[in-house]
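J.: fold the following and give me the result.
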Amino acid sequence: MELVQGMRNAKELNYLRKALHTWNTQVLYISEDISDKAMFYIEQHFFSHSLQLAEALIGATAVAYSLPIFTGNDRHYKIIKDIQIKEISFMKMYVTKSLSTASKALERTGASHGAAEKEILENHRVL
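T.: Numbers count the residues shown, from 1 in each chain. Below you'll find the predicted structure:
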């Protein structure tokens, strides 16, 4: 959810979806424990930091799964204890560079999106 909100248009969103698929990302479902943690975070931080439901759920999920959160706006997440925050600047650079590379590959070869994706992955390893 967090990465999707950083996309500027449908084209970037489509490239992000394809990249997430290529990286074998998985959906992390909200459990009762995650819901309880999110509610606790909202109770603790809504008035002082304007923590919203989406941020609380994302933060609680990251903590529950012991995974870092990638975000371009860490303002709300810094207040959550035990959360690992990773800079998203490299992701923005990756998506922007990927769009540029894909466009060039398509123009140069007239290839399908699949061939452009392959070129992106060969030239821009992220994971």
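J.: going by C-alpha atoms from here, please, whenever you check contacts or count neighbours.
T.: Will do.
J.: can you list the low-confidence ranges for this protein?
T.: Applying pLDDT under 70 to the chain flags the ranges 1-2, 87-127.
J.: make it 80
T.: 1-6, 70-76, 87-127 (pLDDT under 80).
J.: helices of that one, residue ranges please.
T.: 2-5, 10-22, 32-49, 53-64, 89-109, 113-123 (DSSP state H).
J.: quick check: which helices or strands does the shortest one pack against?
T.: It stands for helix 2-5. Packed against helix 2-5 by the contact rule (3 or more CA pairs under 8 Å, 6 or more residues apart in numbering; DSSP states H and E) you find strand 69-71.
J.: report the contact partners of Lys86.
T.: Contacts for Lys86 (CA atoms under 8 Å, 6 or more residues apart in numbering) come out as Pro68, Ile69, Phe70, Thr71.
J.: now Asp82
T.: Val63.
J.: next: the one 3 residues further on.
T.: The neighbours of Ile85, taking CA under 8 Å, 6+ apart as the test, are Pro68, Ile69, Phe70, Thr71, Asp74, Tyr77, Lys78.
J.: re the thing from before, so which of the contacts of Lys86 is the most crowded?
T.: Ile69 (21 neighbours; other CA atoms under 10 Å).
J.: please list all residues in contact with that residue.
T.: Counted by CA under 8 Å, 6+ apart, Ile69 has contacts Ile58, Gly59, Ala62, Ile83, Gln84, Ile85, Lys86.
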